[in-house]
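> Pasting a predicted model and its sequence here:
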Amino acid sequence: MNQSNTDHAPRIAFIQASWHSDIVGQAREAFTTTLAEQHGIERERVEVFSVAGAYEIPLQAKLLARSGRYAAIIGAGFVVDGGIYRHDFVAQAVIDGMMRVQLDTEIPVLSVVLTPHHFHEHATHTAFYHEHFLTKGREAAEACAMTLENLSQARKLIEA
């Protein structure tokens, strides 16, 4: 999906939760770098939106999808066990909401919302998740490029 003319390159929304932004931001950096270097989609084509936490991603994704401005939307967040509530319920609600937006609007909504079994804010875990979010950002960029190409082909079949 190499795009030589940035005016025709897809516009992509990247929604980033503010909690653990030092870790989550790694996904955004890897995502935009991979799109630019591997697929010719320049950083300027990716608009970043910040939300408080991962729970707010689905609503933001729905509003952005309904705008008709974006070819794809990425949601990135880090849902951790804070010891107060069941973080797995939050993570499930976020993923279910993102899937519903995607199916309702036909705008792909890709996830870099991760939920570790256990996370403690110490050097070892922080370093591991910094690297892990870089990997997931690159993977999301590859998935985004592939999904946009597949959608283009599928829509041509529908129009034929």
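Cool, got the structure. Numbering: from 1, shown residues only.
> who's in contact with residue 29?
Going by C-beta atoms under 8 Å, 6 or more residues apart in numbering, residue 29 touches 134, 137. Backbone N, C-alpha and C define where each C-beta goes, glycine included.
> what sits opposite the most centrally placed residue in the chain in the beta ladder?
The C-alpha lying nearest the average C-alpha coordinate of the chain belongs to residue 74 (C-alpha atoms, centre = their mean; 2.3 Å). Beta bridges link residue 74 to residue 14, residue 110, judged by DSSP bridges.
> So it sits against residue 12, correct?
Yes. Using C-beta atoms under 8 Å, residue 74 makes contact with residue 12 at a distance of 6.7 Å.
> Show me whatever sits in contact with both of these two.
With C-beta under 8 Å, 6+ apart, residue 74 and residue 12 have common neighbours residue 144.
> End to end on stretch 31-48, go ahead and measure it.
Its start and end residues considered, stretch 31-48 measures 11 Å (C-alpha to C-alpha, to the nearest Å).
> okay, now residue 62: neighbour count?
For residue 62, the neighbour count with other C-beta atoms under 10 Å is 20.
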